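>>> When you get a sec, could you give me coordinates for this:
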Amino acid sequence: MISEVCVLSIRGYEFEMPLLKVRHLTKSYGDTYFPHDISFSVDEGDILCLLGPSGCGKTTLLRLIAGLETPDSGQVLFEGHDIRDTPVHQRNFGLMFQDQALFPHKNVFENIVFGLRMQRLPEEEIRERVAEVLDLVGMVGFEKRDVNELSGGEQQRVALARSLAPRPRLLMLDEPLGSLDRTLRERLMNELRTILKSVGVTAIYVTHDQQEAFAVADRVVIMDRGRKVQEGRPEEVYQQPATEFVARFLGLTNLLRGKVVSPSLPLRVNVDEGHVEVETEIGRLEIGDWRLGVEATVLIRPEAAILSDEECPPGADNVIEGTLVERSFRGDHYRLLVRHADGLEMAFMVEATATDLPQPGEGIRLALRKEAMTLLPPDPY
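This next block holds a predicted model:
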């Protein structure tokens, strides 16, 4: 079921090109633009996630790509061709939504074959494809089951099987796990990536949940108020958020106003050993980031903290003291809420194997690893 790679040939030279390319796509509603001048591409077999808060334009962008709405400007290129005038039913794109949209009066088999019969496939091939996708989603033997008797997770698997059965060139999923409880969602989001990768289908996945996006996607496009604010691999956007908005949206709330005090500008630091010293609300911190200038926001990721005694641990260059406000056990780690002497509260994670943790109300001493801190520019708008 894996499609061939799209190749562009120019004067005898061959270049792999993205399967899907969105160029400066804009849709207006009165004086509001959602999305606004959005551009990105998706390679064959990749999963790209549109991530952002509710109302930022993710679903509208998906509908524009599907052809369910028409953009005011911009292009949607598929295999190098502008598909603006291509009817929805001729695009061979699959859609999967949060509410599953299953036919309640049909059983599992009848729900899955609906799209296949619209393709006028032979009955034998239809049965083979149904068996194939049910095996893929772990529901062999469910063909005659009434969909109303299925659990929420099982219904979502049927919806996925129905979306995959016609073998779409592009599968679009809009908050597919949003209606499920947290435990079931965490299990299915890992299985979903495995299924999509085993099929080799190219996918665009919409969600407002950053953990879900990181678990499923190869690349993430983060949106805010109709605009793209950052794009990259999940590891990249977590380790180096582009703006304060991105950091806060990803749940990274340890943000301090700072001023670079060393080295003096112009900033010339050896890349391999580069760091800057920044004066902040909680004192001077050494940060493993050499790219920015005088004024910036310091992001301290929660994994930066190491429990410290009088001897500073290796690799820790910044020591802070405060009061432990809350201590919460999270299975593989403790979440610590620490109040600095100036009143600022920061959240950190330490391994569950940590010993001699103080009780809430007691003093705590932490060392902060400079490679787990970075400088952020201000939000551009």
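
>>> can we go C-alpha only for contacts and neighbour counts from here?
OK.

>>> Now do the nearest residue in space to V201 that is not next to it in sequence, the pLDDT please.
Nearest non-adjacent residue to V201, counting by C-alpha to C-alpha, 6 or more residues apart in numbering: G45, 5.2 Å away. Per-residue confidence (pLDDT) for G45: 95.

>>> Count the neighbours of G45 for me.
G45 is flanked by 22 other residues according to other C-alpha atoms under 10 Å.

>>> So it sits against G200, correct?
Yes: contact status for G45 versus G200: in contact at 5.1 Å, counting by C-alpha atoms under 8 Å.

>>> quick revisit: for the residue nearest to V201, give me phi and psi.
phi 80, psi 0 (degrees, to the nearest 10).

>>> Repeat that for P358.
phi -70, psi 160.

>>> Contact partners for it?
P358 makes contacts with L324, I364, as judged by C-alpha atoms under 8 Å, 6 or more residues apart in numbering.

>>> That one and R365, how far apart?
The gap separating P358 from R365 is 10 Å, by C-alpha to C-alpha, to the nearest Å.

>>> how near is S262 to A354?
34 Å.

>>> again but with A215, I slipped
Using C-alpha to C-alpha, A215 is found at 27 Å from A354.

>>> Of those two, which one has the most company?
A count of neighbours by other C-alpha under 10 Å puts A215 above the other of A215 and A354, at 15 against 11.

>>> The helix or strand hosting Y334 packs against which elements?
Element membership of Y334 [criterion: DSSP states H and E] is strand 333-340. When contacts are defined as 3 or more C-alpha pairs under 8 Å, 6 or more residues apart in numbering; DSSP states H and E, strand 333-340 sits against strand 316-329, strand 345-351.

>>> The helix or strand following the last one: how far from the chain's middle?
Going back to what we said before, that points to strand 345-351. Later in the chain than strand 345-351, the nearest helix or strand by DSSP H and E is strand 363-369. Computed by C-alpha atoms, centre = their mean, to the nearest Å, the chain-centroid distance of strand 363-369 equals 30 Å.

>>> Strand 363-369 - contacts with which helices or strands?
Here strand 363-369 touches strand 305-307, strand 316-329, going by 3+ C-alpha pairs under 8 Å, 6+ apart.

>>> so which of these comes closest to D82?
In terms of C-alpha to C-alpha, the element of those nearest to D82 is strand 305-307, at 50.0 Å.

>>> What strands flank the closest one, and is each parallel or antiparallel?
Its sheet considered, strand 305-307 pairs with strand 363-369 (antiparallel) by DSSP bridges.

>>> Name the residues of the partner strand that are buried.
Across strand 363-369, burial judged by 16 or more other C-alpha atoms under 10 Å covers I364, R365, L366, A367, L368, R369.

>>> likewise stretch 213-228?
213-214, 216-228.

>>> For V130, state which of the buried residues of strand 363-369 is nearest.
Nearest member of the buried residues of strand 363-369 to V130, counting by C-alpha to C-alpha, is R369, at 52.3 Å.

>>> My guess is that closest one contacts P302. True?
No: the criterion here is C-alpha under 8 Å, and R369 misses it with P302 at 10.5 Å.

>>> out of the helices and strands packed on strand 363-369, deepest packed?
Of those, the one with the most neighbours on average (mean count of other C-alpha atoms under 10 Å) is strand 305-307, at a mean of 22.

>>> before we move on, the earlier item: and of the helices and strands packed on strand 363-369, who's closest to T280?
Among the helices and strands packed on strand 363-369, strand 316-329 comes nearest to T280, with 11.8 Å by C-alpha to C-alpha.

>>> Pull up the gap between K27 and K106, please.
37 Å.

>>> More neighbours: which of these two?
K27 (23 against 16).

>>> Need the pLDDT of the more buried one.
According to the prediction, K27 has pLDDT 94.

>>> That one touches F34, doesn't it?
Yes: in this structure, K27 is within contact of F34 by C-alpha under 8 Å, at 5.7 Å.

>>> residues near E128, how many?
When neighbours are counted by other C-alpha under 10 Å, E128 comes out with 11.

>>> ok now do G331, which residues does it touch?
By C-alpha under 8 Å, 6+ apart, G331 lies in contact with A352.

>>> now stretch 90-108: how far from the chain's centre is it?
23 Å.

>>> Helices of the protein, start to end?
Assigned by DSSP state H, the chain shows helices spanning 58-66, 108-118, 123-136, 152-164, 182-199, 210-216, 234-239, 244-249.

>>> Distance from the fifth one to the middle of the chain?
Yep, that's helix 182-199 we're talking about. Relative to the chain's own centre, helix 182-199 is displaced by 14 Å; criterion: C-alpha atoms, centre = their mean.

>>> what's that helix packed up against?
helix 210-216.

>>> for the record, mean pLDDT for the helix it packs on?
In the prediction, helix 210-216 has an average pLDDT of 94.

>>> For that helix, name the packing helices and strands.
Helix 210-216 packs on strand 47-51, helix 182-199, going by 3+ C-alpha pairs under 8 Å, 6+ apart.

>>> Contacts for that helix next, please.
Residues outside helix 210-216 that contact it (C-alpha under 8 Å, 6+ apart): 47, 49, 51, 186, 189-190, 192-193, 205, 207, 220, 234, 250.
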